[in-house]
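Chemist: Generate coordinates for the sequence data below:
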Amino acid sequence: QARNMSTPKEKLILSIVPDVPPLEVFAGKTSFFEGTSPLSTSIGFLVVLGFGFIFSIFTTLVVMMEKYFGGHGSMTSEHFNTAGRMVKTGLTASVIVSQWTWAATLLQSSNVAWQFGVSGPFWYASGATIQVLLFGVLAISLKQVAPSAHTMCEIVRARWGKAAHLTFLFFAFCANIIVTSMLLLGGAATVEALTGMDYRLAAFLIPWGVILYTSAGGLKATFLASYLHTAVIFAVLITMILVVYIKEYGSDQIYAYLEQNTSYNTTECQIIYSTNSTVEGTFYEQGKYSCGPVPGNAQGSYLTMLSEGGLMFGIINIVGNFGTVFVDQSYWQSAIAARPASAARGYLLGGLCWFAIPFSLATSLGLTSTALMLPITSSEAGAGLVPPAVATYLLGRGGSVAILVMLFMAIVSTGSAESIAVSSLIAYDVYRTYFNPEATGKNILMISRIVIVGFGLFMGAFAIALNEMGLNLGWVYLFMGIMIGSAVIPLWNLMTWDKASGTGAIVAAWGGLVLSLTTWFIAAASQSGTINVASLGTNEVMLSGNVVAICSSGIIHYVWSKFIDKSPPFDFSTLNSKISLVEQDMSGLGEEQQDPVELARSKRWIIRRGWGLTIVLVIIWPLLSVPAQVFSVDYFAFWVLVAIVWGFGSAVVITVLPLVESSEELGKVFTGLMNIIMRKSPEEGVWASSGLAAEKNVEIEMPAADKPLEEEPSVEKS
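Modeler: Numbers count the residues shown, from 1 in each chain. Just a heads-up that it's a prediction; the model follows:
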């Protein structure tokens, strides 16, 4: 009835009824949270410290049981930093999903849905999936030419020398610091909004959730924890999708509410966001709330892919995320840890499953925030508070807890990966390379564990400093490509182009950084007439810096390698001989795993599918949506159906496949535990039938009366 009334006033009056936006319960509220939190501070401490402690204990115990019952022996520095180089496809994919699910994935994706509508979740998901798909090419290339590597910087030094090594070590540390900063900024802001815990305290305490199990179990512990975290994230994701589109609303209802939102003019928005339902009492400001037509969108609609702001964000997203994948040691480490046959498939599967998290979550929670016209301000959205606001409105305290747990899972899973990445860089590329070339495995383990603790403490303090400077999650997310984008193409060329010049790579990386920063400052001054945090943070200014970073470095490196430094082509077959192991742990480096024919086949497989899916996600899919202009009810229903199916399919694959692939290892742990619980010796229990006694070389004494006199019991017979 409200949408059929003739005058704006009548329309507004009749629309203010329970459960129909604008919602009466929020009348006169200037923001959603208004400085109050739906949960108590004790809940914040329980999640930040309690969950962290529980997961640390659980993961550490699992690693210990797998090591004992699986017969892996004592922890070596090689196993600590590479997980034995034998991780299978399912767990590799699960780890990729976990590492790539930042606080920004859950929070920023819904922010761009709040800003731009349906184009926001799509461009966030597609613009950050293609990097993982294409990194699969580097992953299999690494298995071909440098299987013994521990870090990407080791490969840089082996091919291009010390100067290049130091250059890309700088960019690698920048990537780790930027990613961890976003985790803590988004996490601390959400914990403060939902529980009232001071963000400084939250930022300092959150890293402790990963320090224990990461320092105890190394990369394998990180992988196991990542699987558990991913399972929890998908469980909450599916819950939110069902609540929005099945339980509370449907796609038709959300569609109608979004259309109603964009039908309001400025005067009507002023009446809605007012203390007394009059223009005189308004606190409405253009751009502060999601009300009225969307600037730059076709017909001002949220229901269109023809969005200037959405496309601009998509380009920034694509450029920036190339930096945070290709320059982040944690992704190289996952490639190093994977079995050669699993590396390419793991990255492809992980990328496709990860797509569902920002796309499905933001299509539900992000669009619902604008459909219901919740009084979420632009500053709250920029801090990543759209998902907690919608979940709190729909599910009350339960929704707040679900989002808080989901966010904490994302933070600690990526945080542990970043911690082990930094510890590997310092242990192998700083300590072993420049301070102690004769370092033993024990030395490497000690340095790795010290760095994990130190990095966690440092990042807590650094996140607090960034917040005090006025930098929130959204700002840092857009900035990352400006800082590290210039290292992307040289690192790609490192593994794929035999004529890539080392000197050219150095010039390209530093030159691209200088040009991107210069362009960034000039663009801010030209657009706003001043240079400050706000002027540097606009989409247009960030776009200019991001594009210059990646494009200029690529051009510089190509020109330098092709026309200036005409060195003979590099022989990739010599690369691995320049990288040495600390301990002679040859796990994952045998002839079977290094079959050149199989590696070549895997490389062809990932090149075709990686590039093919990239073209589909960033070119074909957007072009196919252009003829629709503004979505119809049926078109939007199909769009939502894709999001739901993709979300459910990804959840099943990413939680079930690792269990199926690891059934043998899980069986060993289970049978060993059962024997201990039932107090049976190995020859009496299930352990003996599973062959574990022989694997662990356990000698079993026979009773004296039954023991043959002619021979001693042998290990084989036992």
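Chemist: tell me, what residue is most central in the protein?
Modeler: Trp100 (1.9 Å; C-alpha atoms, centre = their mean).
Chemist: how far away is the closest residue to it other than its chain neighbours from Tyr284?
Modeler: Counting by C-beta to C-beta, 6 or more residues apart in numbering, Trp354 is the residue found nearest to Trp100 once chain neighbours are left out, at 5.0 Å. Where C-beta positions appear, they are placed from N, C-alpha and C, glycine not excepted. Counting by C-beta to C-beta, to the nearest Å, the gap from Trp354 to Tyr284 is 37 Å.
Chemist: who has more neighbours, those two?
Modeler: A count of neighbours by other C-beta atoms under 10 Å puts Trp354 above the other of Trp354 and Tyr284, at 25 against 19.
Chemist: Ser94 is in contact with the more buried one, correct?
Modeler: No: applying C-beta atoms under 8 Å, one finds Trp354 not in contact with Ser94, separated by 10.1 Å.
Chemist: OK, contacts around Pro38?
Modeler: For Pro38, the contact set (C-beta atoms under 8 Å, 6 or more residues apart in numbering) comprises Leu194, Thr392, Gly396, Arg397, Ser400.
Chemist: Which residue is the nearest non-sequential neighbour of it?
Modeler: That would be Ser400: by C-beta to C-beta, 6+ apart, it lies 4.6 Å from Pro38.
Chemist: That neighbour - how many residues pack around it?
Modeler: Quick note: Ser400 (other C-beta under 10 Å) scores 23 neighbours.
Chemist: Provide a list of residues in contact with it.
Modeler: With C-beta under 8 Å, 6+ apart, Ser400 has these contacts: Pro38, Leu39, Leu194, Pro388, Ala391, Thr392.
Chemist: Once you drop chain neighbours, what's closest to the second one?
Modeler: So the one you mean is Leu39. Nearest residue to Leu39 in three dimensions, chain neighbours excluded: Thr195, at 4.6 Å (C-beta to C-beta, 6+ apart).
Chemist: Quick check: the gap between that neighbour and Met182.
Modeler: 20 Å.
Chemist: more neighbours, the two?
Modeler: Neighbours around Thr195 and Met182, counted as other C-beta under 10 Å, are more numerous at Met182. The numbers are 30 against 24.
Chemist: So that one lies in a helix, does it not?
Modeler: Yes: inclusion of Met182 in a helix is indicated when DSSP: H, G, I helix; E, B strand; the rest coil is applied.
Chemist: where does the residue nearest to the centre of the chain fall, phi/psi-wise?
Modeler: Main-chain dihedrals, Trp100, degrees, to the nearest 10: phi -90, psi -10.
Chemist: gap between it and Ser516?
Modeler: In this structure, Trp100 and Ser516 are 23 Å apart, going by C-beta to C-beta.
Chemist: what about the helix or strand Cys551 falls within, average pLDDT?
Modeler: Assigned by DSSP states H and E, Cys551 belongs to helix 539-559. For helix 539-559, mean pLDDT is 92.
Chemist: could you say what helices and strands that helix packs with?
Modeler: Helices and strands touching helix 539-559, by 3 or more C-beta pairs under 8 Å, 6 or more residues apart in numbering; DSSP states H and E, are helix 308-326, helix 473-484, helix 488-496, helix 502-528.
Chemist: Quickly compare the ones you listed and say which is most buried.
Modeler: helix 473-484 (a mean of 26; mean count of other C-beta atoms under 10 Å).
Chemist: what sits up against that helix?
Modeler: Counting by C-beta under 8 Å, 6+ apart, 103-104, 107-108, 111, 171, 174-175, 178-179, 181-182, 185-186, 189, 316, 319-324, 327, 381-384, 466, 513, 516-517, 520, 533, 537, 539, 542, 545-546, 549-550 sit against helix 473-484.
Chemist: Now a ChimeraX select for only the buried ones of the contacts of Pro38.
Modeler: Command for ChimeraX, covering only those of the contacts of Pro38 found buried under the criterion 16 or more other C-beta atoms under 10 Å:
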select :194,392,400
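Chemist: Max pairwise distance over the contacts of Pro38: which two?
Modeler: Greatest spacing in these, by C-beta to C-beta: Leu194 and Gly396 (12.0 Å).
Chemist: hang on, the earlier thing: for the residue nearest to Pro38, helix, strand, or coil?
Modeler: helix.
Chemist: Kindly report the same for Tyr284.
Modeler: Using three-state DSSP as the criterion, the local structure at Tyr284 reads coil.
Chemist: In space, what's closest to it - neighbours in sequence excluded?
Modeler: Nearest non-adjacent residue to Tyr284 (C-beta to C-beta, 6+ apart): Tyr273, at 3.8 Å.
Chemist: Next one: the one you found relative to Thr266, how far apart?
Modeler: 11 Å.
Chemist: Same question for Thr89.
Modeler: 54 Å.
Chemist: of those two, who's got more company?
Modeler: Counted by other C-beta under 10 Å, Thr89 and Thr266 do not tie: Thr89 has more neighbours, with 22 against 14.
Chemist: pretty sure Leu205 is touching Val48, no?
Modeler: Yes: under the contact definition of C-beta under 8 Å, Leu205 touches Val48, with a separation of 5.0 Å.
Chemist: So the two - more neighbours on which side?
Modeler: Val48 (27 against 18).
Chemist: surely the more buried one meets Ala202?
Modeler: Yes: counting by C-beta under 8 Å, Val48 does reach Ala202; the two are 6.3 Å apart.
Chemist: where do the contact lists of these two overlap?
Modeler: Common neighbours of Val48 and Ala202 (C-beta under 8 Å, 6+ apart) are Val191.
Chemist: measure Gln527 to Ser535 for me?
Modeler: 7 Å.
Chemist: between the two, what contacts are shared?
Modeler: Residues touching both Gln527 and Ser535 (C-beta under 8 Å, 6+ apart): Val541.
Chemist: Thanks a lot, catch you later.
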